[in-house]
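Enquirer: need a structure here:
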Amino acid sequence: MENVDLKKLKDEIPYMWRVQSSNQYGATCVAYIDSRDVQDVFDSVCGQGGWADEYYPVNGKLYCKIGVEVEPGFWVWKSDCGAESNIEAEKGESSDAFKRAAVKWGVGRFLYSLRVQRLKTIEGKGGKWNPFYEHNGQKVEIKTGEILTKYINSLNKKK
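Expert: So this is what the prediction gives:
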């Protein structure tokens, strides 16, 4: 195994935006990365056999530890716990633990330097408040992460 350039783990990778919270006063949006993208970073920097992950419970919390073979036969491990997601609790918790452990290696750390985005909201179906953009004088609800990401990125390009 060759020496691994661990500094490359800190490189910026593509990211998306999601709504963290919303109400009648606005939506708070934060940047995030997908766990599969994090896996790709480890594969490209460390090689497919040069890193590993393991999951284990501690006091009812799920932890993930990520090991990197920094020298032949010498592994370094870093870990963190995850939180359940609102959509798929168990899957979300393991994904969150994995991404949090990856941050300790530097993967996705750049996200913390990005500003939280505040958007205006309109009331949608079921009384849920959603961000919107204006098109031809009409308010258009933003319903998907892909559209939200394109919209926020377009706002940031204007600045």
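
Enquirer: quickly note the distance from residue 124 to residue 118.
Expert: 18 Å (CB to CB, to the nearest Å). The C-beta positions use only the backbone N, C-alpha and C, and glycine is treated the same way.

Enquirer: what about these two, which has more around it?
Expert: residue 124 (15 against 12; other CB atoms under 10 Å).

Enquirer: can you report phi and psi for the residue nearest to that one when sequence neighbours are not counted?
Expert: Counting by CB to CB, 6 or more residues apart in numbering, residue 130 is the residue found nearest to residue 124 once chain neighbours are left out, at 4.6 Å. Dihedral pair for residue 130: phi -120, psi 150, per degrees, to the nearest 10.

Enquirer: next SSE downstream of the top strand by length along the chain?
Expert: Longest among the strand segments of the chain by residue count, using DSSP state E, is strand 61-71. Next helix or strand after strand 61-71 toward the C-terminus (DSSP states H and E): strand 74-81.

Enquirer: contacting residues for residue 9?
Expert: 41-42, 45, 105-107 (CB atoms under 8 Å, 6 or more residues apart in numbering).

Enquirer: ok, of those, which one's closest to residue 30?
Expert: residue 107 (16.7 Å; CB to CB).

Enquirer: that closest one sits in which helix or strand?
Expert: Counting by DSSP H and E, residue 107 is found in no helix or strand.

Enquirer: need the contact list for it.
Expert: 9-10, 13, 33, 38, 41-42, 99.

Enquirer: which of these are buried, as a ChimeraX select command?
Expert: Buried residues among the contacts of residue 107 (16 or more other CB atoms under 10 Å), as a ChimeraX selection:
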select :9,33,38,41,42,99
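
Enquirer: and the furthest pair within the contacts of residue 107?
Expert: 10 and 99 (14.5 Å).

Enquirer: for whichever strand or helix holds residue 52, name the packing helices and strands.
Expert: Assigned by DSSP H and E, residue 52 belongs to strand 51-58. If contacts are counted by 3 or more CB pairs under 8 Å, 6 or more residues apart in numbering; DSSP states H and E, strand 51-58 sits against strand 61-71, helix 89-105.

Enquirer: dump the residue contacts of residue 66.
Expert: Here residue 66 is in contact with 42, 51-53, 77-79, 98, 101-102, 104-105 (CB under 8 Å, 6+ apart).
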